[in-house]
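S.K.: sharing a model that was predicted from the sequence below.
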Amino acid sequence: MPTSSEDREWAARAASGDQGAFRAIYRAHVRPVYWIAHGILGSAADAEDVTQETFVVAWRKLPGLELVNDSLLPWLATICRFQSANRLRVLRRDRANTADALDETIPDTVGVEDQVISTALADRIAEEVGLLNELDRSIFRLCAVEGYAYQVAAQELGVSHAVVRNRLSRVRTRLRGAAAEVRDA
């Protein structure tokens, strides 16, 4: 996860048309946005489409964005939920109009409670990542967000493979605990 200052800087630069800054936003947040979409839609293909739609909308809306909590993830999660709801409406309409294409796995609604949980979960995870020390945050960003292999991340950070593996395991455990807090609340 990027630091709040990175998110603020990227957002400001991207809002003024810097495509490189927007690519940095995309790389930093594409996975969490995808998993939010997948959780709502239950389909990898639809989640991929909605993820792309989310970032297209974000690109258009960045010039008017006033970053409230220094992280772009809650804002992107909100766009993603709206795009997912739109996708569900299209899928339901298509299902109703095409008897051959019935798919009973399409959810009928996106409940307000699910939207609140998704927002709370994104906020809680962003908060928890913000509390990590710099090395753990860098390891998490490289491995979990950007998809680096442990060895590549280790070389990038100048630490051993074991350090990356062990610290990332602890970070994931910590984030699972934070996610469980939100679900249990």
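M.R.: Nice, thanks for sending it over. Numbers count the residues shown, from 1 in each chain.
S.K.: spatially nearest residue to the residue positioned nearest the centre of the chain, not counting backbone neighbours?
M.R.: For the chain, Pro32 is the residue whose C-alpha lies nearest the centre (C-alpha atoms, centre = their mean; 2.2 Å). Computed as C-beta to C-beta, 6 or more residues apart in numbering, the closest residue to Pro32 that is not its neighbour in sequence is Leu73, at 6.0 Å. Using the backbone N, CA and C atoms, a C-beta is placed for each residue, glycine as well.
S.K.: identify the residues contacting that neighbour.
M.R.: Listed by C-beta atoms under 8 Å, 6 or more residues apart in numbering, the contact partners of Leu73 are 1, 29, 32-33, 122, 125-126.
S.K.: for Cys80, same thing?
M.R.: For Cys80, the contacting residues are 33, 36-37, 50-51, 54, taking C-beta under 8 Å, 6+ apart as the criterion.
S.K.: next one: the residue nearest to Pro32 relative to Ile25, how far apart?
M.R.: As for Leu73, its distance to Ile25 is 10 Å (criterion: C-beta to C-beta, to the nearest Å).
S.K.: which residues touch Pro74?
M.R.: With contact set as C-beta under 8 Å, 6+ apart, Pro74 has these partners: 68, 119, 122-123, 126.
S.K.: most surrounded residue in the residues you listed?
M.R.: Comparing the contacts of Pro74 on neighbour count, Ala122 comes out first with 25 neighbours (neighbours: other C-beta atoms under 10 Å).
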